[in-house]
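In: generate a structure from the sequence data that follows.
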Amino acid sequence: MRRTFTPQGAISGLILGAALLALVGCGSTPPADITLATQAPASASTPEKVGDLSTERIKWASSKPGCEGDCPRIEIDSVAFPGIPKLTALVDHVLAYMTGTDANRRGPYDTLSEYTQYFWSVARPRDATYFKASVKDTVGDVVAVELHTEQFITGAAHGIPATQYLNWERSRGRVMSLEEALIPGRHPQYVAALRQAHAKWLAGNPDARRDPAAYNKMWPFQESDNYALTRDGIVVKYDAYSIAPYSHGEPELSIPYAELRGILKPELLPAS
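Out: Numbering: from 1, shown residues only. Okay, the predicted model is just below:
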């Protein structure tokens, strides 16, 4: 089940426990607690540079401990921010949150470690969960992070994907919501620009071109605030089955900056 994440509502109570993903090498026995308040050993992480931002690529994968044959599996390909531990912890939290919750639980999983312990206890032989986090772009003060999960459940026809963007303001140490990025009162103009981007996307969609009326009835336009600020404009992500059939994956619409003037706050626009 996909959980819609609301960054502003979760940040305030989050960063008291975990600090950095500290994962052992790929394919080794999983630690008792994946999310440790220590740096990952050098052998487990790969330093990377994205613009002026220092990051670490951290990978970990394991089948259920003690299992032989067809076993449940978890794979993590995440990113850590050595200079921004609060963002690292948030990435860990949101990835776990995106998996949804068991009907018997009272709330979401707070960390990947918590989700992993749950998964080992209930997963069937071929069940699997994949986690990925990466920097989509950096624009001035903003770091756009892309978080992706995919769950494979025994008996399901295909995996269950989910993607969430986080736009982190380095100077303020917090996530910037869509409404904070827009000029006050300009949300209707944002929706109009998004509709225009959707129309362009439909023009390149062979299913929509084949029978526009039927397609629009089955897959009508929807708003989305799941956006990433990039150097070319904003990218808006949709869930699978939202505005297109599963075969189209998770659709992505792009709105260039030229169409965002008077909509996006001036300080977020590139210099003319």
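
In: how about the strands in the stretch 51-200 of the chain?
Out: Assigned by DSSP state E, counting those that start in this stretch, the stretch 51-200 of the chain shows strands spanning 53-63, 73-80, 128-139, 142-152, 160-169, 174-175.

In: looking at those, which is closest to L202?
Out: When the strands of the stretch 51-200 of the chain are ranked by proximity to L202, the top entry is strand 160-169, at 20.4 Å, counting by CB to CB. Any C-beta I mention is one placed from the backbone N, CA and C, and that applies to glycine too.

In: so what strands line up beside the closest one?
Out: Using DSSP bridges, strand 160-169 pairs in its sheet with strand 142-152 (antiparallel), strand 174-175 (antiparallel).

In: how about TSV for those strands, with mean pLDDT added?
Out: Formatted as TSV, those follow (pLDDT from 0 to 100):
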stretch	mean pLDDT
strand 142-152	96
strand 174-175	97
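
In: mind checking which of those strands is nearest I243?
Out: strand 142-152 (18.2 Å).

In: what's that closest one in contact with?
Out: Around strand 142-152, the neighbours that count as contacts under CB atoms under 8 Å, 6 or more residues apart in numbering are 53, 79, 81, 87, 91, 94-95, 98-99, 126-138, 159-170, 176, 228-230, 268.

In: A244: which of the strands paired with strand 160-169 is closest?
Out: Checking the strands paired with strand 160-169 against A244 by CB to CB gives strand 142-152 as the closest, at 17.3 Å.

In: got the angle between that closest one and strand 53-63?
Out: Using axes from the mean of the first three to the mean of the last three CA atoms, to 10 degrees, the interaxial angle of strand 142-152 with respect to strand 53-63 works out to 10 degrees.

In: now strand 142-152 - C-alpha only, CSV.
Out: Extracted in CSV, the C-alpha atoms of strand 142-152 (Å, rounded to 0.1, in the frame of the first residue of the first chain):
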residue,chain,number,x,y,z
VAL,A,142,17.7,23.3,-2.7
VAL,A,143,18.6,19.6,-2.9
ALA,A,144,16.0,17.6,-4.7
VAL,A,145,16.1,14.0,-3.4
GLU,A,146,14.2,11.1,-5.2
LEU,A,147,13.0,8.2,-3.1
HIS,A,148,11.8,5.0,-4.6
THR,A,149,10.4,1.8,-3.2
GLU,A,150,9.1,-1.3,-5.0
GLN,A,151,7.4,-4.2,-3.3
PHE,A,152,6.9,-7.7,-4.8
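
In: would you list the strands of the stretch 51-200 of the chain in TSV and tack on distance to F221 and mean neighbour count?
Out: Converted to TSV, these look like this (distance: least, CB to CB, whole Å; neighbours: other CB atoms under 10 Å):
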stretch	distance to F221	mean neighbour count
strand 53-63	34	19
strand 73-80	32	21
strand 128-139	24	20
strand 142-152	23	20
strand 160-169	19	21
strand 174-175	26	20
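
In: closest one to P188 among these?
Out: In terms of CB to CB, the element of the strands of the stretch 51-200 of the chain nearest to P188 is strand 160-169, at 21.1 Å.

In: the closest one vs strand 128-139, what angle?
Out: Following the same axes, to 10 degrees, one obtains 30 degrees for the angle between strand 160-169 and strand 128-139.
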